[in-house]
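Participant: Show me the folded form of this:
(chains A and B)
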There are 2 protein chains.
Amino acid sequence: MPGYARRIGTMAASVGQLQSLSSSLVGGYKVSFGAGAPAVEAYPFEKLREISQEVFSGPETGLDAVKYGSTLGLDSLREAVRDHLLAPRGLEADIKNIMITAGGIQPMNLLCQLYIEPGDVILVESPSFIHGTTIFKMFEARLEPVKLDDEGMDMEDLEEKILRYRPKLVYTVPTFHNPTGVTLSTERRKRLAELASKYDVAVLEDDPYREIRYSGEHKPFIKSFGDDHIILSGSFSKIFSPGSRLGFIVASDEQIARLSDIKLCTDTCTNTVSQAIAAGFFKRGYYEDHLKYLCDLYRSRRDAMLKALDAYFPSCTKHTVPDGGYYVWAEIPGLDVKALAPEVGEKLGICYGIGSTFYTEGNPEGAGLGTMRLNFSGLTEDAIEENLKKLGEYFKAKLGE
Amino acid sequence: MPGYARRIGTMAASVGQLQSLSSSLVGGYKVSFGAGAPAVEAYPFEKLREISQEVFSGPETGLDAVKYGSTLGLDSLREAVRDHLLAPRGLEADIKNIMITAGGIQPMNLLCQLYIEPGDVILVESPSFIHGTTIFKMFEARLEPVKLDDEGMDMEDLEEKILRYRPKLVYTVPTFHNPTGVTLSTERRKRLAELASKYDVAVLEDDPYREIRYSGEHKPFIKSFGDDHIILSGSFSKIFSPGSRLGFIVASDEQIARLSDIKLCTDTCTNTVSQAIAAGFFKRGYYEDHLKYLCDLYRSRRDAMLKALDAYFPSCTKHTVPDGGYYVWAEIPGLDVKALAPEVGEKLGICYGIGSTFYTEGNPEGAGLGTMRLNFSGLTEDAIEENLKKLGEYFKAKLGE
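Facilitator: Numbering: from 1, shown residues only, chains lettered A, B, ... in the order given. Sure, this is the predicted structure:
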């Protein structure tokens, strides 16, 4: 057989880790803190049924849901993005600057097609979202990590890395960061937008979790402080359904035109069946109540997780306290949680997100050895308490505590 | 702003032509022979309504339709591909070798990610499907044309071009070829499979039209004569709905594993909403009757087109007589139909597929000047007759006939 393209080699190690993380999404483990999926209780089936009834009642309502759609997406869904997801959070946008994508992952792929040549540097948070960094490796980018603390990406370190590496792109998950759950402060958002313009670097503001906030105030979009250097992406996966594969990009006229060319050469257009159903969900005014329901559901689960970590984990454990999103990031200094994972799976039937997986090349050997990404969205409060208790006791025993 | 990647330049000319062809799909023209979309009458709304009612009745039936799915696709839809689209046409496959894709276009993108480096040669039919060739340009491939006649790709010319250019990939639409409507003979299918193994070249057998056959006998898949060198792709766009964005790839275990990695880094998985609805359509046994209905509908339209071309077009006109698919390919020697297109649009309100658009680099200057791709799927018999009459009379006047 002809040899594979070089990118298959550069992505191999990373995609292997990503696949094993993803396998905890589609089953196999009894109890998974490793996943990153909505709760089973999160889906508005009754409303989906009602809307699909109307959509499929005939060509008058249904034709847009079944025929080829515009590469940019259905106007009705782009209007929903504008009116329900951007404007209420302080970003005014025209629908001509909004493109619907196949979920929140596709924007990274499309943006790499637009900007990235093999060897180009992309700056990423340390740790960073492994699905994103794996895509960057598929495009043969070189990754350089930027420090992250409780207020998100460190702007001094970012400027230093921009000067040192002359990157093409900065990738950030600013709100309820994956994997750590931290949120970039408003000051730093402003500063990031300034640095992008000053040094002529593109920034992908990847913001799929922003809407599901359980405490504290909404932060402005980085894009609201910046110019065309900031490309914003979002997702319907956490607020509607990941299976519907809907997301969006907000960018300049010129960028949207080129991204539309690339999208046409990737999958023609985003599936119109779920676009039409999602647009109907927003149009009928169901979204705001549904979001409140989701936030109430997940807030309790987050609180259960924070309480259980404090109650049952080793006394040396450090963890983040996220205001939203899906994850708590925990560290047990002195433990190699990657090495323990197979035993934990076998003995306790529990899996967790191995933290070192989220540290890319450019980090010191052994970075994140004691860290874990713990998902709370997919488990009930009781299951969280019961299983974190087991896990905490197991770790305590390992530490001789 | 940072400069775009080089591929944006290499794809620019081709994607511009593709965009203008695509714009005739989403409206703007009064009468479009340029489009390539199903008839408005082709969608089984009543059944979609019934199936979506069941799917969305609750988590028991609906969870698989809304949550993250496997990168390979829902088992139920992969089984439908195996049992309804492959086995009845003589190809036995295991579902582990079938991956669901976002429509029939995505397989080209994924396969380029797998095999193509900038500068690699891809052999394509002359003329060839412009959406495919534009994707190949996005991956910075070099295209070389292979002769095509009434029995499809010319195998002698193919062997000569393989020896001359040492291509990585041969791209073919073997059944009811886009844009010409011709079908590769069984003899040549065997020969193509032999040549692929002999010279170690991958072949993408892109077969989205195969099911909608109006006359003649089904031909075997090229893949049924070949080994792993033949990668088969298909689509649900012509037999179910293009908006659902469903297609598939059939490949070896190893290729599927790598394509799955790439798919994960493109859009995570194909949308499960339309996967579940499509799977329900096949499972309930609706497909076979629906296909018969579609073939009857389109056969009449094809016949109306062939009749009108013979009756109204200039006497020197040559055209193909396709046994299926969406297109007739017509040539009026001595006319530059590209130059006439704006006037035809303005005066008659009619557009057609400009044939020269489908001739890639490597063809002589001015190739296909008098050729047109004429779509018959999207217009009623009356509209076909009425508008081809107008168009024929216009062309006759131009020739002084």
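Participant: Distance from the chain centre to the top helix by length along chain A, please.
Facilitator: Criterion DSSP state H: the longest helix present in chain A is helix A:287-312. Computed by Cα atoms, centre = their mean, to the nearest Å, the chain-centroid distance of helix A:287-312 equals 18 Å.
Participant: and it, what other elements does it pack with?
Facilitator: In terms of contacts (3 or more Cβ pairs under 8 Å, 6 or more residues apart in numbering or on different chains; DSSP states H and E), helix A:287-312 is packed against strand A:327-331, helix A:381-399. In this view, the C-beta of every residue, glycine as well, is placed from N, C-alpha and C.
Participant: list the buried ones in that helix?
Facilitator: By neighbour count on 16 or more other Cβ atoms under 10 Å in any protein chain shown, the buried set for helix A:287-312 is A:287, A:290-291, A:294-295, A:297-299, A:301-302, A:304-306, A:308-309, A:312.
Participant: in chain A, which residue is closest to the centre?
Facilitator: A:P208 (5.2 Å; Cα atoms, centre = their mean).
Participant: All the strands of the stretch 1-150 of chain A, in order from the start?
Facilitator: For the stretch 1-150 of chain A, the strands defined by DSSP state E, counting those that start in this stretch occupy A:31-33, A:98-101, A:121-125, A:142-146, A:148-149.
Participant: How about the contacts made by the residue nearest to the centre of chain A?
Facilitator: A:G104, A:V173, A:S233, A:G234, A:S235, A:S237, A:K238, A:G247 (Cβ atoms under 8 Å, 6 or more residues apart in numbering or on different chains).
Participant: Pull out the buried positions in the one helix or strand in chain A whose mean pLDDT sits lowest.
Facilitator: In chain A, the helix or strand scored least confidently by mean pLDDT, DSSP states H and E is helix A:12-23, which has a mean of 84. Across helix A:12-23, burial judged by 16+ other Cβ under 10 Å covers A:S14, A:V15, A:Q17, A:L18, A:L21, A:S22, A:S23.
Participant: One more: stretch A:313-329?
Facilitator: Residues of stretch A:313-329 classed as buried: A:313-314, A:317, A:319-320, A:322-329 (neighbour count, 16+ other Cβ under 10 Å).
Participant: what about the nearest residue to A:S300 once chain neighbours are set aside, how many residues close to it?
Facilitator: Leaving aside its chain neighbours, A:S300 sits nearest to A:E381 (5.7 Å; criterion: Cβ to Cβ, 6 or more residues apart in numbering or on different chains). Residues within reach of A:E381, counting by other Cβ atoms under 10 Å in any protein chain shown, total 17.
Participant: likewise A:R164?
Facilitator: Using other Cβ under 10 Å: A:R164 sits among 11 other residues.
Participant: Around A:Y359, how many other residues sit close by?
Facilitator: 23.
Participant: just to revisit the earlier point, can you name the residues in contact with the helix or strand just after the longest helix of chain A?
Facilitator: Downstream of helix A:287-312, the next assigned helix or strand under DSSP states H and E is strand A:318-319. Identification of contacts with strand A:318-319 by Cβ under 8 Å, 6+ apart yields A:L306, A:L309, A:F313, A:V328, A:W329, A:A330, A:E331, A:P333.
Participant: Strand A:318-319 pairs with which strands, and in what direction?
Facilitator: Sheet partners assigned to strand A:318-319 using DSSP bridges are listed as strand A:327-331 (antiparallel).
Participant: Please name the residues that touch A:E79.
Facilitator: Going by Cβ under 8 Å, 6+ apart, A:E79 touches A:I95, A:A279.
Participant: wait, A:A367
Facilitator: A:S126, A:P127, A:S356, A:Y359.
Participant: could you redo the last one with a cut-off of 10 Å?
Facilitator: Contact partners of A:A367, counting by Cβ atoms under 10 Å, 6 or more residues apart in numbering or on different chains, are A:S126, A:P127, A:P145, A:G355, A:S356, A:F358, A:Y359, A:T360.
Participant: quick one: average confidence on stretch A:50-65?
Facilitator: If you average the pLDDT over stretch A:50-65, you get 96.
Participant: List phi and psi for the nearest residue to A:I116 once chain neighbours are set aside.
Facilitator: Closest residue to A:I116 apart from its sequence neighbours, by Cβ to Cβ, 6+ apart: A:F139 at 4.5 Å. Here is the backbone geometry of A:F139 (degrees, to the nearest 10): phi -90, psi 10.
Participant: Might one say that A:F139 is in contact with A:E117?
Facilitator: Yes - the criterion here is Cβ atoms under 10 Å, and A:F139 meets it with A:E117 at 8.3 Å.
Participant: Who has more neighbours out of the two?
Facilitator: A side-by-side neighbour count of A:F139 and A:E117, using other Cβ under 10 Å, places A:F139 first with 23 against 16.
Participant: Was I right to think A:L111 contacts A:I256?
Facilitator: No - between A:L111 and A:I256 there is no contact under Cβ under 10 Å: 11.8 Å.
Participant: Contacts only, for A:F248.
Facilitator: A:72-73, A:77-78, A:80-82, A:85-86, A:93, A:98-101, A:103-104, A:106-107, A:232-236, A:270.
Participant: Which of those residues are buried, as a PyMOL select command?
Facilitator: To isolate the buried ones among the contacts of A:F248 in PyMOL, judged by 16+ other Cβ under 10 Å, type:
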select buried, chain A and resi 72+73+77+78+80+81+82+85+86+93+98+99+100+101+103+104+106+107+232+233+234+235+236+270
